[in-house]
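> build the 3D model from these lines:
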Amino acid sequence: MKNLSILTIMLALTVSLNTSDAVAQNFAAPYLLFSNSAEAAGFGEAYSTLANDASAAFWNPAGLAQLESFSFTGVSVVAMQFDRQFSAANIAYHLDRVGTFAFVATQSGVSDIQRRDDQGIHTGNFDTSNQVFGLSFGRKLTENISFGITGRFIKQDLHVQVDNGYSADVGFRYDQDLFSIGASFQSLVGKVGPDELPTSFRLGTSVRPHAGMIISVDLVADDIEDPNARRYANFGAGYELEINDIILIPRAGLHDSALAFGGGIGFNLGSMIIRVDYAFVNEPGDLVGTNHKVGLVINGL
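Numbering: from 1, shown residues only. Got it, this is the predicted structure:
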């Protein structure tokens, strides 16, 4: 029993390795806060008022209301340290006079974790995995104000224990041609096994000072119920340039003071836009280092 208890604690610590110090104060399902978009990562995760595709289901489901047809977004994270993996896919579709619905799925985990007995002898390796599936809905309340909600089912497998859970997000946005303001609560309610999920709050704004230029800021509190949890700001900037139906978008940002940069290349194919995104990310904290995020976006079938 003692060995199992130590193992469970080590698993929780390992799974939380790619979160900031603020998230690490609560080990309950930190993978729910992993960025599900390479574009968002390139903006330093200052993205709560920029997400206008299927990835809005994560950042601020109110952003789904900006869609007018179909959207797919996917991301895979490459070269994560400590044998960690993360990937996500989001599909959204707009129905006239109803709103926009989205389905979201993420897979994360840690592989080849060493198992040791009470004497420290290596007795083999094992993996952990986390699957999250969700449904989202976003709708415009007025011409400028939108609302959205996301509900999730969670399955967490820590090898020695499997827990199911749920969470729900809610978000609002106000959009004008030159700026946007938004707020969202992630895991406003939620639980995994016996653990209550911490509620994360995002307050963001973005401006478009001239054609193609985007600047964004998000203020983030990863656990609003803990007065000692660290609050931080994310910043992002990008420039969209279109040349002969080819869209080029360089990006850079700061996520909790960690530098990120990247870009995207997109192609206009009639009513459809296909874009490939890349981001190089310095993860917050001194332990987990860097990673590369590669994403695919398809809008407007």
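> can you map out the helices along this protein?
In the chain, the segments counted as helices under DSSP state H are 2-15, 21-24, 38-42, 56-59.
> and the residue nearest the centre of the chain?
For the chain, the residue whose C-alpha lies nearest the mean C-alpha position (C-alpha atoms, centre = their mean) is S35; its distance is 2.6 Å.
> any stretches of the stretch 1-150 of the chain with poor pLDDT?
Counting by pLDDT under 70, the ranges of the stretch 1-150 of the chain that qualify are 1-28, 79, 81-83.
> strands of that one, residue ranges please.
In the stretch 1-150 of the chain, strands defined by DSSP state E, counting those that start in this stretch lie at 70-78, 84-95, 99-116, 122-140, 145-157, listed in chain order.
> redo those strands as JSON lines? Include distance to V217.
From N, CA and C alone the C-beta is placed, and that goes for glycine too. Rendered in JSON lines, the data for the strands of the stretch 1-150 of the chain read as follows (distance: least, C-beta to C-beta, whole Å):
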{"stretch": "strand 70-78", "distance to V217": "22"}
{"stretch": "strand 84-95", "distance to V217": "24"}
{"stretch": "strand 99-116", "distance to V217": "25"}
{"stretch": "strand 122-140", "distance to V217": "22"}
{"stretch": "strand 145-157", "distance to V217": "20"}
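> shouldn't the residue nearest to the centre of the chain be in contact with G44?
No. Applying C-beta atoms under 8 Å, one finds S35 not in contact with G44, separated by 9.9 Å.
> who does the residue lying closest to L135 once chain neighbours are set aside form a beta bridge with?
Nearest in space to L135, with sequence neighbours left out and distances taken as C-beta to C-beta, 6 or more residues apart in numbering, is G151 at 5.6 Å. Taking DSSP bridges, one obtains L135, A168 as the residues bridged to G151.
> what about G151, distance to G236?
When distance is defined by C-beta to C-beta, to the nearest Å, G151 is 28 Å away from G236.
> can you give me the end-to-end distance of stretch 224-240?
35 Å (C-alpha to C-alpha, to the nearest Å).
> now do the buried residues in that stretch.
Within stretch 224-240, the residues that qualify as buried are A229, R230, Y232, A233, N234, F235, G236, A237, G238, Y239, E240, counting by 16 or more other C-beta atoms under 10 Å.
> contacts for that stretch?
Surrounding stretch 224-240, the residues in contact under the criterion C-beta atoms under 8 Å, 6 or more residues apart in numbering are 20-22, 25-26, 42-47, 50, 198-201, 212-223, 247-257.
> next one: that stretch to chain centre, how far?
Offset of stretch 224-240 from its chain centre (C-alpha atoms, centre = their mean, to the nearest Å): 13 Å.
> pLDDT (mean, whole number) over it?
On average, the pLDDT along stretch 224-240 is 92.
> list the contacts for F34?
For F34, the contacting residues are N18, F86, A88, T106, S108, by C-beta under 8 Å, 6+ apart.
> against T150, how distant is the closest residue to P250 other than its chain neighbours?
Nearest residue to P250, sequence neighbours excluded (C-beta to C-beta, 6+ apart): G263, at 4.6 Å. In this structure, G263 and T150 are 28 Å apart, going by C-beta to C-beta.
> those two: who's more crowded?
Looking at G263 and T150 with other C-beta atoms under 10 Å, you find the greater number of neighbours at T150, namely 26 against 19.
> pretty sure the more buried one contacts Y166?
No. When contacts are counted by C-beta under 8 Å, T150 is not listed as touching Y166 (11.2 Å).
> ok, back up a step: is the residue nearest to P250 in a bridge, and if so with what?
Applying DSSP bridges to G263 yields these beta-bridge partners: P250, Y278.
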